[in-house]
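In: I'll drop the sequence and a predicted model, then ask my questions.
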Amino acid sequence: MSMPLALASLCLLLLFNGCLASRQHIFGQNKEWRLNQLEAREPDNHIQSEAGVTESWNPNDPQFQWAGVAAVRRTIEPNGLHLPSYVNAPQLIYIVKGRGVLGAVFPGCAETFEDSQPQQFQQQQQQQFQPSRQEGGQGQQQFQGEDQQDRHQKIRHIREGDIIALPAGVAYWSYNNGEQPLVAVSFLDLSNDQNQLDEVPRRFYLAGNPQDEFNPEAEFYIRQGKQGQKGQQGNGNNIFSGFDTQLLAQALNVNPETARNLQGQNDNRNEIIRVQGQLDFVSPFSRSAGGRGGQESQQEEQQSQREKEEKQREQEQQGGGGQDNGVEETFCSARLSQNIGDPSRADFYNPQAGRISVVNSNQLPILRHLRLSAEKGVLYNNAIYTPHWHMNANTLVYAIRGNARVQVVNENGDSILNDEVKEGQLFLIPQNHAVITQAGNQGFEYISFKTDDNSLTNTLAGRTSVLRALPDEVLQNAFRISREDARNLKYNRQESRLLSATSPPRGRLMSILGY
Amino acid sequence: MSMPLALASLCLLLLFNGCLASRQHIFGQNKEWRLNQLEAREPDNHIQSEAGVTESWNPNDPQFQWAGVAAVRRTIEPNGLHLPSYVNAPQLIYIVKGRGVLGAVFPGCAETFEDSQPQQFQQQQQQQFQPSRQEGGQGQQQFQGEDQQDRHQKIRHIREGDIIALPAGVAYWSYNNGEQPLVAVSFLDLSNDQNQLDEVPRRFYLAGNPQDEFNPEAEFYIRQGKQGQKGQQGNGNNIFSGFDTQLLAQALNVNPETARNLQGQNDNRNEIIRVQGQLDFVSPFSRSAGGRGGQESQQEEQQSQREKEEKQREQEQQGGGGQDNGVEETFCSARLSQNIGDPSRADFYNPQAGRISVVNSNQLPILRHLRLSAEKGVLYNNAIYTPHWHMNANTLVYAIRGNARVQVVNENGDSILNDEVKEGQLFLIPQNHAVITQAGNQGFEYISFKTDDNSLTNTLAGRTSVLRALPDEVLQNAFRISREDARNLKYNRQESRLLSATSPPRGRLMSILGY
Amino acid sequence: MSMPLALASLCLLLLFNGCLASRQHIFGQNKEWRLNQLEAREPDNHIQSEAGVTESWNPNDPQFQWAGVAAVRRTIEPNGLHLPSYVNAPQLIYIVKGRGVLGAVFPGCAETFEDSQPQQFQQQQQQQFQPSRQEGGQGQQQFQGEDQQDRHQKIRHIREGDIIALPAGVAYWSYNNGEQPLVAVSFLDLSNDQNQLDEVPRRFYLAGNPQDEFNPEAEFYIRQGKQGQKGQQGNGNNIFSGFDTQLLAQALNVNPETARNLQGQNDNRNEIIRVQGQLDFVSPFSRSAGGRGGQESQQEEQQSQREKEEKQREQEQQGGGGQDNGVEETFCSARLSQNIGDPSRADFYNPQAGRISVVNSNQLPILRHLRLSAEKGVLYNNAIYTPHWHMNANTLVYAIRGNARVQVVNENGDSILNDEVKEGQLFLIPQNHAVITQAGNQGFEYISFKTDDNSLTNTLAGRTSVLRALPDEVLQNAFRISREDARNLKYNRQESRLLSATSPPRGRLMSILGY
């Protein structure tokens, strides 16, 4: 018996044992990987669409798989539409560049937006649509209302600096109505309670025939197989395409041809398509004068939204509603996004070092349900993000611009990441691991995603440092240093989160001051 | 060295490696299984008891193991008693047929029910029981009170259409006091936070000598082994049987013979026993005139219970009690069941297609702790349950009656279930996967269990469809269809959850209406 | 090809299969282990420090790994300081013996304690420290304030009988200011939501060069390897030691020598160090007269703390704050400990059998966030802890003193633990498993840790027994006993949680009483 055959038999023997169990390493939760080497990574997969590009980090990369997270960068060209889809995990999306609109669909919420239709179409429609005999219970008047206007759920304007929060299973689409590419980075928390499947990232499309963005090659292979099996080309890849066409047509009460269109057969545009003409939504924002006028309206919207939230919070407090049963009611009117690009709203600001803006559940209440938060930072050249650790969250950092030196230290005092991180790279900071970041000569801009809705940070230097919280004598004994050195450890940096590069060492400070 | 021996050595070598790890596939959480083929299944195991039958679905079936769920169907004959037991997961029980009583025991709750005893026994008891010297602190009067009446915790009437919710670790028993078999289907959510063991379903009996309902053969094997080892027959299988008999007798302060009776030795009746004579409980319900009178009282009970719940909710809102510390207080008076069989209480009703009733935490507050909900549906012949997906829950569907064609579609547009589901079968709809169901010629009746207490459903056809929430132009571009077709997609079905089979395609509707 | 070589190749072949997957058995969540044999265990690892000893239970012991828990016993000699550290899981610490102080550092909380400095040092400091030019925003006055006094976060007195609760990632240090050893047992709940890493226990030190207490040999091996690799001795083992020394010095604005001191190089004192001189904290407690006076003040503190908590609870109730967003605000002023050693505060007391004290989230609100609770018990000689099971928690029991016979029974009626447990041993009682404990001739004292903040117990004997909750006729039929025997089961033990050894069997009781 030759050895290769023996091994093959063995694998057969172990089919439901070792060999199958091994799939967990590839597809499942990867907790057996030892956390002893991290690496900043660029996207592994690249999918070209008709009107944009999707780049994903390989979800089987041990470090991301271990943390139960996945990430995607999407570039939508002007007039490009990212087809409606949803994923099996809550996600945070950061708009790196550009502007556009986003529509998120919440079940049971009303279609409160009405867009006027071209006059010609209205007339045409009025002839065609007639009161229905069905049990829908909608009389003639309402139905004609539907005739004249395009009713749909709320559409939200998005722009550079926005963080958008979406629960698992919520379908959404987005459209670039600007003049430059719309670039977004999405972060999926697969280990979240909202995901009751396994930790494989899954994107379900409601239209088109898109490739699997997390596993484009396997998908291609599967599709090839599918063609062979079914003897037909271009079998669709969206959720409609798995239904029997006749049954789908019957359910929707449409012609089989329309049902086939839903199934995306022979659609080669992939997931980001080019819109014919232009989507022109009548909305409170687009009514205002063009250019950047929409943003002012957006700010007004956020203002009014916040007032609603406060009222709602008051009601919840009186009514005790709370986390569980408020989901459905909350989502229809929920604010889904927060802009953290505006320098004047920074939570930490040091004119010598940079600024940090935080979005947690206090600012964006939906994050309480998602148990996620985000932080946007700008470090000036050579500035230092104070060494720190997170009490209760893993962190995934995406480098928006510039570069930085990053060191991540584990419980044995080993640097498990010691890298020059560059624009476009992504890296992981595991919970409780200490990290220090120093911006390069051109500065460093990043967005970080955290797996808790109110992440707590312990700093190791600066005004809020853990060292300051310790008595002098504890520091003296722990580090075998003089009381003066202990004092220096506690008080030599008066900055808090961001530290200027130029702060002279204490000795030099003393001499500068003439001592 | 022969190959079989080599393989054996290898397995020894891998004992703490591949071969051991492989147990996870068999016994543990099965997240390494790829979700690419589902199947409607009938129960795999069949256990005959003295007064009934227990049928369980193999918990090692990859699809159920993957979802972390287990299911059992139990048939209790008239005058049969399902012995007191508890499981390591919260469960929902649906009464498919018949009626009976159920007693659930909550620690620390008072014995508020008093049944009168036969006169003869009372006299006998009065002689025997005397005030005790022990520290129990219960004086003569009270002890005599215990003498005269049988005090025990609340007993609840159950009947066809009831959903019963039980937390993990709560002991309960049930008894068929009707004249036809009492049939129940139980659903266990092993992946629930309430289960802090592994994902193996475990039923702990407080009496008798029952087989392991989830693994009857292994159990038989173990029992055979036990006999060999201990050299004695009929060693019990309940939780008392593992204690030292003398110690148990001492703890209970009873004779060793009674302790041995607790241990279930030589008891061959299995888990459903036939009651000698008949259990006759004096309760608020049984006092009312016989026949179906008990049900009226039950409705009154539920009415009064709801008023209590409202008061409690008010208090909680004022007191902020909330989820965590309210458990103990809540359970004693908690309503555990809700009837969803009554057609007049349907949440969705379409005279042409059928009806759906939902039980979630809004109707049955204990479900908030259990994070489970249920849905009962009746589809008329050839009616369609609108294609849809669940945002936040896995669903396990049991076919009560009739049959249906079911298609479940994954994120690649593949049908991973495409089956004719028959009465008595169980199937899984994973979170976020799209599903369409069409009843057969005889209609279809089902009960579905969901792993969230307030499951949100996105529909793909009908009045509340996701498609209606999208702007016409998005549909036109996404599906490459005309505006008219986009309108048809949005408005051709005015029904919501259940769609009639007979609704004519729009073209036909037009012609019927004379266009 | 020789078989060993074949096996080696196979292991290479299976590198990302069986052999890698097997790591899960060693390092990860161990749910594949079958729960069929438990054992009371003494600590496996022993680490000698300069001023104390650390003993840990091997976290790879299948039973602890399966439950996702870890435990450590630490003995700090008088004047010993356990260096500041934090762990990746919430923990409960029980003080077995001695007294001391504990400082826990919460990010963002103010340094509210001020200790006066020796006069000489003050003068020295006043010369050195000067108003800083930095952006810290702290003017001259405040900075001089820092000069004169040692400000730090709250210090808490701890003593025998205290349960201390610490969230994951919170740094703390402790110091033995008494005259006898300070002995503490810590329990880590790695399967808790607060741990978002894997289930490996990880302790991160902020100082010194300590061994890995959960894996001292591997750590030694790693350190040896490190030396070889880096060609230098004594590379530190704390979180500072992984940072570049220059960068660290820059961040802290201190000399590189001080930075090197932080990194713990050449520090051989291990994790418990001997303090030079004595730590002398000025605090509300130590101001009171010496001896045990501190404890009175501590009680006053707890009293006042409780009043604050009540006010806070009222506010929360009005404000609806609740679990999620209250974390940060709550922690600064949170009470972290509760003494359960005081016999007069017992929750269950039987003068013939012993006493039990419980600490759950009702007594110590921070436990609601940690989802942990504890129970301290003293059983007199031969007393019995009534047979019972826990509805919703795994339990880890540490034997403080004496010994006991313990039986744990699984769902098949098998004793999976049947042992004489001795002082210093630790054992697991899995959720829902039935357990009976009988103290030995010298009595038995224990502390148990539970993985729920409000663990519910079902007893099988005594006044609150499950058997009492069942109707007589159910007992009669289930156990095939007479009504009299059923009555005996329900009423022969009037005690509740703890049962006296001397309670005569009912027959004997009757004869004693003269019947």
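Out: Perfect, I can see it now.
In: Where do the strands of the stretch 401-515 of chain A begin and end?
Out: With DSSP state E, counting those that start in this stretch as the criterion, the stretch 401-515 of chain A has strands at A:415-422, A:426-429, A:434-450, A:457-459, A:498-499.
In: Name the SS class of residue A:260, please.
Out: Of the three states, residue A:260 takes helix under DSSP: H, G, I helix; E, B strand; the rest coil.
In: Could you give the average pLDDT over stretch A:473-486?
Out: Averaging pLDDT along stretch A:473-486 gives 95.
In: which residue ranges form the strands in the stretch 101-250 of chain A?
Out: Taking DSSP E, counting those that start in this stretch as the test, the strands found in the stretch 101-250 of chain A are A:113-116, A:149-152, A:155-159, A:162-166, A:171-175, A:182-189, A:203-205.
In: Could you export those as CSV, including mean pLDDT, mean neighbour count and distance to residue C:172?
Out: In this view, the C-beta of every residue, glycine as well, is placed from N, C-alpha and C. CSV is the format used below for the strands of the stretch 101-250 of chain A (pLDDT from 0 to 100; neighbours: other Cβ atoms under 10 Å in any protein chain shown; distance: least, Cβ to Cβ, whole Å):
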stretch, mean pLDDT, mean neighbour count, distance to residue C:172
strand A:113-116, 65, 16, 54
strand A:149-152, 84, 21, 54
strand A:155-159, 94, 23, 44
strand A:162-166, 97, 25, 34
strand A:171-175, 97, 25, 44
strand A:182-189, 98, 25, 29
strand A:203-205, 97, 24, 43
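In: so residue A:273 makes contact with residue B:476?
Out: No. Between residue A:273 and residue B:476 there is no contact under Cβ atoms under 8 Å: 11.1 Å.
In: quick one on the thing from earlier: nearest to chain C, of the strands of the stretch 101-250 of chain A?
Out: Judged by Cβ to the nearest Cβ, the one of the strands of the stretch 101-250 of chain A that comes nearest to chain C is strand A:182-189, at 10.1 Å.
In: Give me the contact status of that closest one with chain B.
Out: No. On the criterion Cβ under 8 Å from any Cβ of the partner chain, strand A:182-189 is out of touch with chain B, staying 12.6 Å away.
In: between that strand and strand A:171-175, how big is the angle?
Out: Strand A:182-189 runs at 160 degrees relative to strand A:171-175, counting by axes from the mean of the first three to the mean of the last three Cα atoms, to 10 degrees.
In: tell me the angle strand A:182-189 makes with strand A:434-450.
Out: Interaxial angle, strand A:182-189 versus strand A:434-450 (the same axes, to 10 degrees): 110 degrees.
In: chain center to strand A:182-189, what's the gap?
Out: Computed by Cα atoms, centre = their mean, to the nearest Å, the chain-centroid distance of strand A:182-189 equals 4 Å.
In: and that strand, which strands flank it?
Out: strand A:69-76 (antiparallel), strand A:91-97 (antiparallel) (DSSP bridges).
In: now the stretch 51-200 of chain A, which segments are flagged as low pLDDT?
Out: Where the stretch 51-200 of chain A drops to pLDDT under 70, the residues are A:114-148.
In: Recalculate using a threshold of 80.
Out: Counting by pLDDT under 80, the ranges of the stretch 51-200 of chain A that qualify are A:110-149.
In: returning to that earlier point: between residue A:273 and residue B:476, which one's more packed in?
Out: residue A:273 (25 against 22; other Cβ atoms under 10 Å in any protein chain shown).
In: ok, back up a step: quick one: the strands of the stretch 101-250 of chain A as JSON lines, columns for distance to residue A:92 too.
Out: JSON lines is the format used below for these (distance: least, Cβ to Cβ, whole Å):
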{"stretch": "strand A:113-116", "distance to residue A:92": "25"}
{"stretch": "strand A:149-152", "distance to residue A:92": "24"}
{"stretch": "strand A:155-159", "distance to residue A:92": "13"}
{"stretch": "strand A:162-166", "distance to residue A:92": "6"}
{"stretch": "strand A:171-175", "distance to residue A:92": "13"}
{"stretch": "strand A:182-189", "distance to residue A:92": "5"}
{"stretch": "strand A:203-205", "distance to residue A:92": "15"}
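In: Residue A:502 is in contact with residue A:350, isn't it?
Out: No. Taking Cβ under 8 Å as the definition, residue A:502 is not a contact partner of residue A:350, at 11.4 Å.
In: and those two? which has more neighbours close in?
Out: Ranked by neighbour count (other Cβ under 10 Å), residue A:502 and residue A:350 place residue A:350 first, with 22 against 11.
In: And for the more buried one, nearest residue in space, chain neighbours not counted?
Out: Spatial nearest neighbour of residue A:350, excluding adjacent residues (Cβ to Cβ, 6 or more residues apart in numbering or on different chains): residue A:498 at 4.5 Å.
In: Burial check on the one you found, number of neighbours?
Out: When neighbours are counted by other Cβ under 10 Å, residue A:498 registers 27.
In: Please list all residues in contact with it.
Out: The contact partners of residue A:498, by Cβ atoms under 8 Å, 6 or more residues apart in numbering or on different chains, come to A:348, A:350, A:353, A:354, A:355, A:356, A:377, A:379, A:383, A:384, A:385, A:386.
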